[in-house]
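Trainee: structure for this input, please:
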Amino acid sequence: MEKAIDFVASLSLGPGQARVFLLGDMLELGDSEVADHARMGELAAAVPGAVCIFCGPLMQHAYEAARKCAPDGAFFAVPATDDAAMEAAAALIREQASAGDIILVKASRGMALERVGA
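Mentor: Okay, the predicted model is just below:
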């Protein structure tokens with residue numbers, strides 16, 4: 001996930017373009033899961049002007065870390081993983097993203113984030 005965030009951060013934006021991160025839980029990290037998720041929030045918060053949507057209970061650590069790093073950032077939390085939560089994430093993308101924006105969707109396969117686009 002870190003490499004994906006770094007890659008999207010390195011891309012040049014055209015006029016009116018934005019970066020939108022839809023980040024979901026990274027499963028099976030073991031004892032470091034809280035710290036690893038918080039680190040992803042810090043990385044995402046460091047990308048100027050990025051909109052970040054954090055999905056899942058573990059990504060709430062990322063959301064909290066992002067808010068600490070950039071209190072005025074555009075950060076959104078979707079703490080659940082059920083179909084209603086994925087619809088909430090989809091609604092946030094529709095509200096926050098525009099045609100031509102760069103959208104990164106990244107999570108463990110077990111999160112089934114493809115439901116956001118369904």
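Trainee: helices of the chain, residue ranges please.
Mentor: All helices of the chain, identified by DSSP state H, fall at 2-10, 33-45, 59-69, 83-96.
Trainee: closest one to residue 17 among the ones you listed?
Mentor: Counting by C-beta to C-beta, residue 17 lies closest to helix 2-10 out of those; the figure is 11.4 Å. Every C-beta, even on glycine, is put in place using the N, C-alpha and C of the backbone.
Trainee: centre of the chain to that closest one, how far?
Mentor: Helix 2-10 has its C-alpha centroid displaced from the chain centroid by 12 Å (C-alpha atoms, centre = their mean, to the nearest Å).
Trainee: and residue 64, how far from residue 40?
Mentor: 12 Å (C-beta to C-beta, to the nearest Å).
Trainee: these two: who's more crowded?
Mentor: residue 40 (26 against 16; other C-beta atoms under 10 Å).
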